[in-house]
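> Below is the structure, and that's it, no one-letter string:
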């Protein structure tokens with residue numbers, strides 16, 4: 001490595017990255033450029049520019065990425081119904097490829113030699129950042145100090161910083177590791193490392209305990225256009241504002257708490273708490289609207305694609321060809337997901353009250369059992385006979401009995417077994433397999 005290299009550091013302003021900034025200068029004699037992405041964090045950004053400069057950064061980027069994050073990352077994942085292992089709305093995972101993009105842009109602008117991050121050696125984020133950087137800038141190397149330095153614990157980092165007079169916003173008593181953005185907050189560490197232990201009340205950062213939530217639920221109406229939410233209670237909102245409003249309302253009513261033991265990419269299981277009121281509400285609304293706007297087969301395949309997309313996002317493969325291909329399918333499949341959903345938020349639960357759409361596939365005349373029933377009931381017998389033919393044939397062959405229809409034909413009249421198929425050119429041998 002050349003003398004006095006220039007590094008771009010993903011800087012949160014917390015303990016790890018504050019120590020890393022100075023460690024890079026001490027270890028490599030490096031000039032350090034910091035990049036911080038504003039995802040809508042409430043506390044982390046306070047004074048972050050000043051802390052970076054005080055720590056020795058030669059250039060500081062604080063990028064407001066809220067609009068880009070929602071438009072290009074959150075809404076595509078919502079449209080797909082991407083929930084990792086069925087529950088996690090991927091808030092942290094969705095932010096990492098955008099952070100990587102901003103790091104690469106800063107590296108190109110400043111002529112940096114490498115990108116540095118503060119991810120641990122057994123977490124998912126190291127993979128997400130480095131794979132994304134590699135996809136966007138294959139020529140840039142990544143450095144991960146937490147995988148190579150001599151500091152083995154938070155106490156070691158605090159002591160190292162104290163010896164050098166480096167101000168850090170941390171104490172050895174901090175029990176939790178937090179990551180926050182508009183789409184959700186992740187909480188890990190402390191008592192949650194015992195999967196039998198109930199989450200301490202103090203672990204939750206934003207949501208009211210459902211027991212203490214208001215007795216009167218809140219009813220909301222959310223409108224979608226082509227799978228994207230566009231208004232709340234008849235009032236149009238931009239993406240970040242709509243999410244922020246639902247976060248506040250949902251949190252008040254105890255909505256959005258997730259407690260899961262998930263499978264990390266690196267092969268370990270990890271107890272995680274997530275708070276994601278808006279994500280939980282919007283995924284519930286999306287699913288309800290899809291019930292009336294998507295046909296059965298599209299819904300079935302879209303659900304599978306959503307699970308696959310969630311895995312790709314979780315694994316750090318946002319910039320992969322497969323992710324783009326799945327997204328193209330999702331965009332086409334959700335072109336008709338337009339309409340409104342009415343929901344009730346109360347005591348930690350989200351209930352659908354109603355849904356409507358100008359392109360709804362639900363038809364009263366087909367669904368009703370009362371007056372106005374327009375369904376052709378007599379046609380069902382033939383449908384059932386053909387639909388079940390393969391299953392009946394397999395059972396008949398296994399039990400060595402004739403295959404009969406449902407039209408009252410006797411076994412002798414309906415039998416068709418191996419060896420009795422007419423040869424080509426004989427009566428009936430006209431290749432019905434077309």
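Nice, I can see it. Keep in mind it's a predicted model, so treat the numbers as computed, not measured.
> residues contacting residue 199?
Contact partners of residue 199, counting by CB atoms under 8 Å, 6 or more residues apart in numbering, are 191-192, 259, 273. All C-beta atoms are positioned from the backbone trio N, CA, C, and that covers glycine.
> Turn these into JSON lines, including pLDDT, distance to residue 54 and neighbour count.
Below are the contacts of residue 199 laid out as JSON lines (pLDDT from 0 to 100; distance: CB to CB, whole Å; neighbours: other CB atoms under 10 Å):
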{"residue": "191", "pLDDT": "88", "distance to residue 54": "34", "neighbour count": "14"}
{"residue": "192", "pLDDT": "88", "distance to residue 54": "33", "neighbour count": "21"}
{"residue": "259", "pLDDT": "97", "distance to residue 54": "38", "neighbour count": "15"}
{"residue": "273", "pLDDT": "97", "distance to residue 54": "32", "neighbour count": "22"}
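> domain ranges for this structure?
Domain assignment of the chain by automatic domain parsing yields the ranges 6-173, 178-294+334-361, 376-434.
> so which of these gets nearest residue 317?
domain 6-173 (6.6 Å; CB to CB).
> Report the mean per-residue pLDDT for the closest one.
For domain 6-173, mean pLDDT rounds to 93.
> How far off centre is it?
20 Å (CA atoms, centre = their mean, to the nearest Å).
> and which of the contacts of residue 199 is nearest residue 353?
Using CB to CB, the contacts of residue 199 come closest to residue 353 at residue 259, 26.5 Å.
> ok so that closest one is a strand residue?
Yes. The assignment for residue 259 by DSSP: H, G, I helix; E, B strand; the rest coil puts it in a strand.
> now the strands: where do they sit in this structure?
Secondary structure of the chain, counting by DSSP state E: strands at 6-10, 31-38, 59-64, 114-116, 141-143, 177-181, 184-188, 218-225, 228-232, 235-236, 257-263, 269-275, 339-346, 349-356.
> Direction included, what does the shortest one pair up with?
Here strand 235-236 is paired, per DSSP bridges, with strand 228-232 (antiparallel).
> is it true that residue 350 touches residue 279?
No. The pair residue 350 / residue 279 is not scored as a contact, 10.9 Å apart, by CB atoms under 8 Å.
> Enumerate every residue touching the nearest residue in space to residue 205 that is not next to it in sequence.
In this structure, residue 205 finds its nearest non-sequential neighbour in residue 185, 5.3 Å apart by CB to CB, 6 or more residues apart in numbering. Residue 185 makes contact with 91, 178-179, 205-206, 274-276 under the criterion CB under 8 Å, 6+ apart.
> Tell me where the stretch 151-300 of the chain has helices.
Using DSSP state H, counting those that start in this stretch, the helices of the stretch 151-300 of the chain run over residues 154-163, 239-252, 277-293, 296-314.
> ok, residue 341 touching residue 355?
Yes. Residue 341 is within contact range of residue 355, at 4.7 Å (criterion: CB under 8 Å).
> That's all I had, so thanks and see you.
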